[in-house]
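**Q** model this:
(2 chains)
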Amino acid sequence: MRMDRAELAGTGAALAFHAALIAALTLSLAHVQSTPEPPSMEVEFVEDVGLEAAAPTRIATPPPASQAPEIGEAPPDEPAPAPLPPATQPRVAPTPRPTPKPQAKPVQAKPAPAKPTPRVSRIGDDFLKGIADSPSKSDAPAKPAAATFSATARQSVGQAILRQVQPCADRQPFIGEDANKVRLTINLKLARSGRLVRPPTVIRTSGDPDLRAKYGDLLEDQVRRIFAQCTPLRLPAELYDTPTGGWNDFTFTYRVN
Amino acid sequence: MRMILSLLLAGIASTAIAQDVSEPAPELVGGSVRTNVAIAVPVMPGDALGRQVSEVIVSDLRSTGLFTPLGPGGLPGYSVEEAGNPAYPSWRNAGVSALVSGYIEPRADGRMTVACYLHDVTAGRELTHQGFAVTSANWRQAAHKCADLVYSRLSGQQPFLDTRVVYVAETGPKNNRQKRIALMDSDGSNNRYLTVGRNTVVTPRFSPRGDKLVYVSYIGRKPRVLLYDVASGQERLLIPGNHITFAPRFSPSGRDVVFSMAENGNTDIYMVSVNGGQPRRLTSAPGADTSPSFSPDGRQIVFESDRSGTQQLYVMSSDGGGQRRISFGGGRYASPVWSPTGNMIAFTKIAGPFRIGVMNAGGGGERILTDGWQDEGPSWAPNGQFVMFHRTAQGAGATRLYAVPVGGGSARIMPTPVGGSDPSWSPINN
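**A** Now for the predicted structure:
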């Protein structure tokens, strides 16, 4: 089986192209721009308020314009007047606002305002004011980059949900020696507030038919109690509803140990 | 070369596909905390009987060992309208997980309706409700039915609280004890005596429908099996003539009775129709074969026999075939009873003290449930979750009835007005 000239030429070109592509990718990946140390004030803000949503937020690429809604307390169903903006704020085109006044410390005013360095902290300067980030190069309002609900993001959000309700799951009473042989698949419909839009829905019950009949309702009761007690959930706002999915619709399995 | 390219492209493609494969759904694992569920049972509105109904419900729920019922005293009242729509937040503040509410309402036919609601206070929703129409004299039964509704919904088990117990009531000194057949509700109320105590009686057993009894009466110092109709109080000998018969028990259909009969120095197991006829012999091995008990499907019978030299448990088919020993745990075994669920056999284990135990229906998996000095005569609750038995105190010889949960836990004493032995738990009342 011999190749003719055209095939040889094509194959050679393809190999050369792949080699060039791999080299280019390797070099570009190796040149990750080093990010400067963030101003000290911003680091302090992270430690104050960034505990709950730190893991889920890290999966967002890139971070949204404003971080405030995702790291504060989940707003109630009826938004109450508060210094924090409502969860939907990043989606609303912000009106141009004057650049926040420079901090009192001279050292913080040093960064050149003309070309801001890439932000490392997820907390904006205006976190406490609940306003949009500073305008970038142009005077146009900052447009939040679209978040994607990648497999990694889905996994992290799932872990965050289960971690938040686990204390309530741990309190569920013993219902029978063989109850652990039944497993429910549960779907949640969540509001942006982190509350349930409707009660958890059992979409599948697996296990022995007799055991399903015996324990199915009791396990569903437990799931309802768990989410009645351990909601609202605190989750990254930008991942609530993206073009590739979001935590507004979440499915998991439940069993007892 | 083509092969190399194909492999390269296939590798790139498989990597891309692998990234799109959906992850399995994350799993939440709930705990299994061995704790009693706190249930509020406030006074039911609508009738003066409301407080008593609630008190019986509290007593029944406590007897299951699964709940910590609160009330009716000390709890706030509510209106008839609130029975189905309680203020969940206020009950949450009371520290309870569930609420039993309801009301009592007169009916046009002279009876009354006892409405029973069960609420999940934590989730803030109604779990179930049901109404029971009873005469005012039967208000206790409505309370038992309500308690059964709550027990079943919260435990996943079949009901067992609206039942009766027939037993041998024992009075008098140890050497001159009077023994009578007595019938009571499973909570000890409505106790009444079915025999007058002229003859010593033992081992009363309910029929599957609860309308008949079989028991042994010593007539002329010979044990004889009698068939007793609960409604009419009529009784008759199961086997006419002068035969020594004992250890009777109904078949699951209620149409036959298995029992032991001693003839020519050998005791064997027989079966006869409740309507009479010639008894059919099921065993013939040398020795004493006794205490037969049907499996709930009617296909097998467990019994005790000393054919091996000591009392042991054996299983055979209902026609007497395929007899095989199932007890090998050391010591002696007596009075086996097949569970209503079919998967276990309760027995009396004699190894020094007498203890109540259970084993798998096929043998093995033996567990001892009690720790008394002399515990014997097991009888299953109709849902298979409890075993009632009688315990003889060391020295005085007084006997009392106890019930122990099969899943583990302490035995609780049954409230009988006098000493009792040989209990038999009825099916659920209609």
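
**Q** Give me the domain ranges for chain B.
**A** Structural domains annotated on chain B: B:37-155, B:164-425, as defined by automatic domain parsing.

**Q** could I get the ones you listed as a markdown table with mean pLDDT and distance to chain A?
**A** Using the backbone N, CA and C atoms, a C-beta is placed for each residue, glycine as well. Listed next are the domains of chain B as a markdown table, based on pLDDT from 0 to 100; distance: least, CB to the nearest CB, whole Å:
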| stretch | mean pLDDT | distance to chain A |
| --- | --- | --- |
| domain B:37-155 | 96 | 4 |
| domain B:164-425 | 95 | 7 |
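
**Q** a markdown table for those, including distance to A:Arg163?
**A** Below are these laid out as a markdown table (distance: least, CB to CB, whole Å):
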| stretch | distance to A:Arg163 |
| --- | --- |
| domain B:37-155 | 20 |
| domain B:164-425 | 32 |
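
**Q** A:Pro209 is nearest to which of these?
**A** For A:Pro209, the closest of these is domain B:164-425, at 15.5 Å, according to CB to CB.

**Q** what's the first-to-last distance across the closest one?
**A** One end of domain B:164-425 to the other measures 6 Å (CA to CA, to the nearest Å).

**Q** What of stretch B:248-262?
**A** Its first and final residues considered, stretch B:248-262 spans 13 Å by CA to CA.

**Q** Next, the buried residues of it.
**A** The neighbour-count check on stretch B:248-262 (16 or more other CB atoms under 10 Å in any protein chain shown) flags B:Pro248, B:Arg249, B:Phe250, B:Ser251, B:Pro252, B:Asp256, B:Val257, B:Val258, B:Phe259, B:Ser260, B:Met261, B:Ala262 as buried.

**Q** Strands - which of those residues land there?
**A** Applying DSSP state E to the buried residues of stretch B:248-262, the entries found in strands are B:Pro248, B:Arg249, B:Phe250, B:Asp256, B:Val257, B:Val258, B:Phe259, B:Ser260, B:Met261, B:Ala262.

**Q** so where's chain A shaky on pLDDT?
**A** Low-confidence segments of chain A (pLDDT under 70): A:1-6, A:8-9, A:13, A:16-17, A:19-145.

**Q** Name the nearest residue to B:Val214, sequence neighbours excluded.
**A** Closest residue in space to B:Val214, ignoring its immediate chain neighbours: B:Pro248 at 4.0 Å, by CB to CB, 6 or more residues apart in numbering or on different chains.

**Q** Confirm for me that that neighbour is in contact with B:Leu238.
**A** Yes: judged on CB atoms under 8 Å, B:Pro248 makes contact with B:Leu238 at a distance of 6.6 Å.

**Q** Identify the contacts common to the two.
**A** Listed as contacting both B:Pro248 and B:Leu238 by CB atoms under 8 Å, 6 or more residues apart in numbering or on different chains are B:Val214, B:Val225, B:Val257, B:Phe259.

**Q** ok, so of those residues, who is nearest B:Ser232?
**A** Distance to B:Ser232, by CB to CB, is smallest for B:Val214 among the shared contacts of B:Pro248 and B:Leu238, at 15.4 Å.

**Q** What count of nearby residues applies to the closest one?
**A** If you count neighbours by other CB atoms under 10 Å in any protein chain shown, B:Val214 ends up with 24.

**Q** One more: the one 3 residues further on?
**A** Other residues near B:Ser217 number 22, with proximity taken as other CB under 10 Å.

**Q** Which neighbours in the sheet does the strand or helix carrying it have, and how are they oriented?
**A** Assigned by DSSP states H and E, B:Ser217 belongs to strand B:212-219. Using DSSP bridges, strand B:212-219 pairs in its sheet with strand B:201-206 (antiparallel), strand B:222-229 (antiparallel).

**Q** Could you identify the most distant pair in the buried residues of stretch B:248-262?
**A** B:Pro252 and B:Ala262 (25.8 Å).

**Q** ok, back up a step: how about the contacts made by the residue nearest to B:Val214?
**A** Each residue near B:Pro248 by CB under 8 Å, 6+ apart is listed here: B:Thr203, B:Arg205, B:Val214, B:Tyr215, B:Val216, B:Val225, B:Leu238, B:Val257, B:Val258, B:Phe259.

**Q** switch the cut-off to 7 Å
**A** Each residue near B:Pro248 by CB atoms under 7 Å, 6 or more residues apart in numbering or on different chains is listed here: B:Arg205, B:Val214, B:Val216, B:Val225, B:Leu238, B:Val257, B:Phe259.

**Q** repeat for B:Gly77
**A** For B:Gly77, counting by CB under 7 Å, 6+ apart, the contacting residues are B:Pro42, B:Val43, B:Pro45.

**Q** got a markdown table for the residues you listed, with secondary structure too?
**A** A markdown table is the format used below for those (DSSP: H, G, I helix; E, B strand; the rest coil):
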| residue | secondary structure |
| --- | --- |
| B:Pro42 | coil |
| B:Val43 | coil |
| B:Pro45 | coil |
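
**Q** Of the residues you listed - the most surrounded one?
**A** For the contacts of B:Gly77, neighbours tallied by other CB under 10 Å; top is B:Pro42, 26 neighbours.

**Q** which residue packs closest to it, ignoring adjacent ones?
**A** Excluding the flanking residues, the one nearest B:Pro42 by CB to CB, 6+ apart is B:Leu75, at 4.1 Å.

**Q** give me the number of residues near the one you found?
**A** B:Leu75 has 17 neighbouring residues, counting by other CB under 10 Å.

**Q** my read: it touches B:Ala40, true?
**A** Yes: between B:Leu75 and B:Ala40 there is a contact under CB atoms under 7 Å: 5.7 Å.

**Q** Can you tell me the element A:Ile161 falls in?
**A** Element membership for A:Ile161, per DSSP H and E: helix A:151-170.

**Q** Hmm, I typed the wrong one, I wanted B:Tyr333.
**A** strand B:332-338.

**Q** For that strand, which outside residues touch it?
**A** Strand B:332-338 is contacted from outside by B:291, B:293-296, B:302-304, B:310-313, B:327, B:345-350, B:361, B:376-380, using CB under 7 Å, 6+ apart.

**Q** Pull up the pairing partners for the strand or helix carrying A:Thr185, direction included.
**A** According to DSSP H and E, A:Thr185 maps onto strand A:183-189. Its sheet considered, strand A:183-189 pairs with strand A:201-206 (antiparallel), strand A:249-256 (antiparallel) by DSSP bridges.
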